[in-house]
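In: Sequence first, then the predicted structure:
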2 protein chains.
Amino acid sequence: MSETIYVGADIGGTTIKIGICNEQGELLHTLEGPTESEKGADAIVNNLVKYAREVVEASSYEWGQVGGVGVGTAGFLDIPNGIIKFSNNLNVRDVPLKKLLEEKLQTIVKVNNDANVAALGEAWAGAGRGIDNCVCYTLGTGVGGGIIINGKIYEGFSGMAGELGHMAIVPDLEAIQCSCGMTGCLETVSSATGIIRMAKDAVERGDRTSLSLVPNIMAKEVIDAAKAGDEVAVRIVNRAAFYLGKSMAAVAIVVNPQRFIIGGGVAKAGDFLFDQIREVFKKYTPEQAKQGVEIVAATLGNNAGVVGAAGLILRSN
Amino acid sequence: MSETIYVGADIGGTTIKIGICNEQGELLHTLEGPTESEKGADAIVNNLVKYAREVVEASSYEWGQVGGVGVGTAGFLDIPNGIIKFSNNLNVRDVPLKKLLEEKLQTIVKVNNDANVAALGEAWAGAGRGIDNCVCYTLGTGVGGGIIINGKIYEGFSGMAGELGHMAIVPDLEAIQCSCGMTGCLETVSSATGIIRMAKDAVERGDRTSLSLVPNIMAKEVIDAAKAGDEVAVRIVNRAAFYLGKSMAAVAIVVNPQRFIIGGGVAKAGDFLFDQIREVFKKYTPEQAKQGVEIVAATLGNNAGVVGAAGLILRSN
């Protein structure tokens, strides 16, 4: 009996992480190596091919058992055709990744964006295991998102489904401009970047806060200060939580998921953050759309990307 | 060659409309008769059975060609089991409609709520024909909605997907209470009821408006006054349009539909209303999620319910 395995790759600016999963999404083996994006697109592709072969060789499986290779990466993608249209991170443009990898690896390859892939990883084998309909938020530099419908990533008409960081949720009079050009996007207040910005603004305008003593403010310092009762920090975390909760209330009315999963660095704040989000979510969501709906922390950590990438073969269109 | 046909029924408080569609969603034949809800659940079911048989007999088809019967109705439903848990409109409670109809009609029966069914009708055979992913709004007494994903109604975890009227979109300080108990729901400002309320409020507080001369203000009067340049009426219609556009921007980031379809009485305002909605939608939606996305009027009018009900057999889970 030869079990089918799936290879997942998470291409970051400096490192490619790669892993093997079985059909249940269990991560069986991993390795990582340099991306070498400074050497250009060919080097990235060749490295990925090398690591994919290596991770299988280093395991107890054979290449013949590979049911496909999934790849997650940041940037602007043409998902159906598996083309990296443009990636700041990798400094490449118009790379037909799917086609190149399929030629070199002689197996099915699927490519998707890092937020969708992390969402799928959690949905498949992490905090969403067994749940068909869930929505994931990744709170990092930005706010990423992914919509899982009937167990699969849902991409929408032009691949923008689940780009939750760009929901215009902050009312105009309180909104600032987002890196995307719009104003009031969720990620202007609920990402690590947003939290840091609000803290630096507070320090600069002379608000009385323990954060004024911190030389290089990171989101963790703001959350720790809030946990310790610093009023300025509490207000900042409240604001981040408020708009997350409000955005989830909007999501609940659109796709009515059974579970919200929150990952990324900011989610490490734990129940201190989550309880506030839950409270706001409850306030703005009708009874039937919140009954039995949970807001939980992601469980796969940095492995979500590799697991989700492997999951692309079975669980994306 | 015996073509398969589908029977659709739209149960309203006073009238049951019924029709036959072919597999392309073309409405081939219709009839209607009294609901007689005052006689209780049995009478409603028996009437529906009678009209279903009659509409087929009156056509050139035979009962043997019926591939199933779909039913749309207002109220709180258990959709998977086809049970009317509670309906104000019909004054019934706990009616196992699917089971009763399947016994009497000896064919598959599916039941869904009126907003979902109208959305499916438009998506299948109206303004969304040929479009796999669309979102419908029905602007009537309330604001109904329906999410069509891969050509099918999407219901979510507890049947609340697409209940767009209860998106808490109005900021707290400007929000009023909705009939659902929450505050700031879209339907408090963008339904006919919301528009009428805002107009009556304006008249009562003595705002200078031509509406103060209208004895019984309806949404149409407010829209007509706005079209004629009445500033108070313009402000009211602007507000209704603003929150519709904002809610569509949120929807675009969640499910990224190709088309938004707006039906219901208020939609008769036409481009005067639609252009405002489109402008707001564009302002609050990222480029990729609005490119190629259209906001259009529903085309089936009152037939959307019957057509969508017939469509339940082929296009719902």
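Out: Sure thing, it's come through. On a predicted model such as this, the values are computed, not experimentally measured, just so you know.

In: hmm, the host helix or strand of residue A:189 touching chain B?
Out: Element membership of residue A:189, judged by DSSP states H and E, is helix A:187-190. No: using C-beta under 8 Å from any C-beta of the partner chain, helix A:187-190 stays clear of chain B, coming no nearer than 11.3 Å. Bear in mind the C-beta positions are built from the backbone N, C-alpha and C, glycine included.

In: how about the nearest residue to the closest residue to chain B within the stretch 1-150 of chain A, chain neighbours excluded?
Out: Closest residue of the stretch 1-150 of chain A to chain B, C-beta to the nearest C-beta: residue A:133 (5.4 Å). Leaving aside its sequence neighbours, residue A:133 sits nearest to residue A:257 (C-beta to C-beta, 6 or more residues apart in numbering or on different chains; 4.8 Å).

In: With residue A:249 instead?
Out: residue A:284 (3.6 Å).

In: Residue A:222 should be in a helix, yeah?
Out: Yes: the assignment for residue A:222 is a helix, going by DSSP: H, G, I helix; E, B strand; the rest coil.

In: Assess the claim that residue A:288 and residue B:156 are in contact.
Out: No: Residue A:288 is beyond contact range of residue B:156, at 9.9 Å (criterion: C-beta atoms under 8 Å).

In: tell me what whatever helix or strand comes next after the helix holding residue A:189 is packed against?
Out: Toward the C-terminus, helix A:187-190 is succeeded by helix A:192-204 as the next helix or strand (DSSP H and E). Packed against helix A:192-204 by the contact rule (3 or more C-beta pairs under 8 Å, 6 or more residues apart in numbering or on different chains; DSSP states H and E) you find helix A:187-190, helix A:219-227, helix A:231-254.

In: contacting residues for residue A:176?
Out: By C-beta atoms under 8 Å, 6 or more residues apart in numbering or on different chains, the residues touching residue A:176 are A:170, A:183-184, A:188.

In: and the residue nearest to residue A:11 when sequence neighbours are not counted, bridged to which residues?
Out: In space, and not counting its chain neighbours, residue A:11 is closest to residue A:73: 4.2 Å by C-beta to C-beta, 6+ apart. Residues in a beta bridge with residue A:73, per DSSP bridges, are residue A:11, residue A:113.

In: what does the model give residue A:1 for pLDDT?
Out: Here the pLDDT value assigned to residue A:1 is 52.

In: so where is chain A shaky, pLDDT-wise?
Out: Within chain A, the segments meeting pLDDT under 70 span A:1.

In: hey, where'd the strands end up in it?
Out: Assigned by DSSP state E, chain A shows strands spanning A:5-11, A:15-21, A:27-34, A:66-73, A:76-78, A:83-87, A:92-95, A:109-113, A:134-139, A:143-149, A:152-153, A:259-263, A:294-297.

In: Make JSON lines from these and add mean neighbour count to it.
Out: Shown next, in JSON lines, are the strands of chain A (neighbours: other C-beta atoms under 10 Å in any protein chain shown):
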{"stretch": "strand A:5-11", "mean neighbour count": "28"}
{"stretch": "strand A:15-21", "mean neighbour count": "24"}
{"stretch": "strand A:27-34", "mean neighbour count": "16"}
{"stretch": "strand A:66-73", "mean neighbour count": "25"}
{"stretch": "strand A:76-78", "mean neighbour count": "18"}
{"stretch": "strand A:83-87", "mean neighbour count": "18"}
{"stretch": "strand A:92-95", "mean neighbour count": "16"}
{"stretch": "strand A:109-113", "mean neighbour count": "25"}
{"stretch": "strand A:134-139", "mean neighbour count": "29"}
{"stretch": "strand A:143-149", "mean neighbour count": "28"}
{"stretch": "strand A:152-153", "mean neighbour count": "22"}
{"stretch": "strand A:259-263", "mean neighbour count": "26"}
{"stretch": "strand A:294-297", "mean neighbour count": "17"}
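
In: Of all those strands, which one is nearest residue A:178?
Out: For residue A:178, the closest of the strands of chain A is strand A:143-149, at 10.2 Å, according to C-beta to C-beta.

In: Now that closest one - C-alpha only, PDB.
Out: Taking Å, rounded to 0.1, in the frame of the first residue of the first chain, the C-alpha atoms of strand A:143-149 are listed here in PDB:
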ATOM      1  CA  VAL A 143      -3.700  41.800   8.300                       C
ATOM      2  CA  GLY A 144      -4.100  38.700   6.000                       C
ATOM      3  CA  GLY A 145      -7.100  36.600   5.700                       C
ATOM      4  CA  GLY A 146      -8.600  33.500   4.100                       C
ATOM      5  CA  ILE A 147     -12.100  32.200   3.600                       C
ATOM      6  CA  ILE A 148     -12.600  28.500   3.800                       C
ATOM      7  CA  ILE A 149     -15.900  27.300   2.300                       C
END
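
In: hang on, the residue nearest to residue A:133 packs against residue A:132?
Out: No: between residue A:257 and residue A:132 there is no contact under C-beta under 8 Å: 9.2 Å.

In: tell me, what's touching the two both at once?
Out: Residues touching both residue A:257 and residue A:132 (C-beta under 8 Å, 6+ apart) are residue A:148.

In: of the two, who's got more company?
Out: Set residue A:257 next to residue A:132 and count neighbours by other C-beta atoms under 10 Å in any protein chain shown: residue A:257 wins out with 29 against 15.

In: what domains does the record give for chain A?
Out: A:5-121+A:303-315, A:130-298 (automatic domain parsing).

In: List the contacts of the residue of the stretch 1-150 of chain A closest to chain B.
Out: With contact set as C-beta under 8 Å, 6+ apart, residue A:133 has these partners: A:148-150, A:255-259, B:156-157.

In: at 10 Å instead, please
Out: By C-beta atoms under 10 Å, 6 or more residues apart in numbering or on different chains, the contact set of residue A:133 is A:123, A:147-151, A:154, A:255-259, B:154-158, B:161.

In: Distance check, it against residue A:28.
Out: Noted for residue A:133: a distance of 27 Å to residue A:28, by C-beta to C-beta, to the nearest Å.

In: Which single residue of the stretch 101-250 of chain A ends up nearest chain B?
Out: For the stretch 101-250 of chain A, C-beta to the nearest C-beta, closest residue to chain B: residue A:156, 2.6 Å.

In: Isn't that residue up against residue B:258?
Out: Yes: if you go by C-beta atoms under 10 Å, residue A:156 and residue B:258 touch, sitting 8.3 Å apart.

In: Name the residues contacting each of the two.
Out: Common neighbours of residue A:156 and residue B:258 (C-beta under 10 Å, 6+ apart) are B:133, B:293.

In: For residue A:21, give the beta-bridge partners.
Out: Bridge pairing for residue A:21 - DSSP bridges - gives residue A:6, residue A:27.

In: Quick check, it in contact with residue A:300.
Out: No: the criterion here is C-beta under 10 Å, and residue A:21 misses it with residue A:300 at 11.2 Å.

In: shared neighbours, these two?
Out: A:27, A:121, A:124-125, A:306-308.

In: can you tell me which residues contact residue A:75?
Out: A:11, A:84-90, A:92-93, A:95, A:113-114 are the contacts of residue A:75 under C-beta under 10 Å, 6+ apart.

In: Nearest residue to it in space, please, no chain neighbours.
Out: In space, residue A:75 is closest to residue A:87, 3.1 Å off (C-beta to C-beta, 6+ apart).

In: gap between that neighbour and residue B:129?
Out: In terms of C-beta to C-beta, residue A:87 sits 37 Å off from residue B:129.

In: now do residue A:256
Out: Residue A:256 sits 26 Å away from residue B:129, going by C-beta to C-beta.

In: Skip the chain neighbours and tell me the closest residue to the residue nearest to the spatial centre of chain A.
Out: In chain A, the centroid-proximal residue (C-alpha atoms, centre = their mean) is residue A:115; its distance is 3.3 Å. Using C-beta to C-beta, 6+ apart and skipping residues adjacent in sequence, the residue nearest residue A:115 is residue A:144, 3.0 Å away.
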